[in-house]
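Asks: coords below, sequence missing:
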């Protein structure tokens, strides 16, 4: 059974770049990796998605190395409002079915 | 465009009872999936429905079931409730027509407390 693990928590000062890593063994070349942000009492919110190399949007970047055993969410210049829990999600395709696995979650605390 | 709507938002049940939770997806989304979130186990996938058919299933006992209607609205049911079923139950909808790629739109959840 594949495990998807993340650091439990991270602290960062405002304005710094934050990198959160997700370790996910046994994923195939066409399995997607997605990152979500969750605030208390709310459902997760989509941040970014990719399945290889590097993807960038207006709020984050996603790096996936060639061995695909991990992925890194990069948040440039974080602000206090980025304090939240961040989850990676791996959807693995197998025999016509999909196995949906969330990471363990990383609680990011942004410090003024 | 309205988001994913879940009802009820909060509910309290006792052990042995059953519960039904409802989810209305974003208009045009045909895939609906359900998740259980607890402090101890994190976010866990329950099942996914597409065109009224269960397409994918997580590792939960048969007490957890669901269904999807022709208008894409979905319900999940938990029978013979146990204390450990206390959790936030999240519903998500997706545009994907042929597979779950992970770009999901979540509701705010239904918080179930089992006494």
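Replies: Sure, I can see it. If you're wondering where the values come from, they're calculated on a predicted model, not measured in any experiment. Numbering: from 1, shown residues only, chains lettered A, B, ... in the order given.
Asks: and chain B, which of its residues are near chain A?
Replies: Within reach of chain A by Cβ under 8 Å from any Cβ of the partner chain, chain B has these residues: B:4, B:33, B:35, B:42-45, B:48, B:55-56, B:58, B:90, B:92, B:99-109. The C-beta positions use only the backbone N, C-alpha and C, and glycine is treated the same way.
Asks: can you pull the contacts of the closest residue to residue B:83 other than its chain neighbours?
Replies: Sequence neighbours aside, residue B:114 is the residue nearest to residue B:83 in space, at 5.3 Å (criterion: Cβ to Cβ, 6 or more residues apart in numbering or on different chains). Listed by Cβ atoms under 8 Å, 6 or more residues apart in numbering or on different chains, the contact partners of residue B:114 are B:12, B:13, B:14, B:15, B:81, B:82, B:83, B:84, B:85, B:86.
Asks: Just to check, the third one is in contact with residue B:81?
Replies: This points to residue B:14. Yes - applying Cβ atoms under 8 Å, one finds residue B:14 in contact with residue B:81, separated by 7.3 Å.
Asks: Which strand residues bridge residue B:78?
Replies: Beta-bridge partners of residue B:78, counted by DSSP bridges, are residue B:19, residue B:64.
Asks: actually residue A:18, not the one I wrote
Replies: Counting by DSSP bridges, residue A:18 forms beta bridges with residue A:75.
Asks: number of nearby residues for it?
Replies: Neighbour count for residue A:18, taken as other Cβ atoms under 10 Å in any protein chain shown: 20.
Asks: gap between it and residue A:53?
Replies: Noted for residue A:18: a distance of 20 Å to residue A:53, by Cβ to Cβ, to the nearest Å.
Asks: List the contacts of the closest residue to chain B within chain A.
Replies: Here chain A gets closest to chain B at one residue, residue A:43, 3.1 Å apart by Cβ to the nearest Cβ. Residues counted as contacts of residue A:43 (Cβ under 8 Å, 6+ apart) are B:4, B:90, B:92, B:106, B:107, B:108, B:109.
Asks: and which of the residues you listed is nearest to chain A?
Replies: residue B:106 (3.1 Å).
Asks: so that closest one sits right up against residue B:88, yeah?
Replies: No - counting by Cβ under 8 Å, residue B:106 does not reach residue B:88; the two are 10.6 Å apart.
Asks: Pick out whichever of those two has more residues nearby.
Replies: Remark: of residue B:106 and residue B:88, residue B:106 carries more neighbours, 21 against 18, as counted by other Cβ under 10 Å.
Asks: Leaving out chain neighbours, which residue sits closest to that one?
Replies: residue A:43 (3.1 Å).
Asks: Tell me how many other residues crowd residue A:66.
Replies: Residue A:66 - counted by other Cβ under 10 Å - has 7 other residues nearby.
Asks: backbone phi and psi for it, please?
Replies: phi -60, psi -30 (degrees, to the nearest 10).
Asks: Could you list the low-confidence segments of chain A?
Replies: A:1-2, A:26 (pLDDT under 70).
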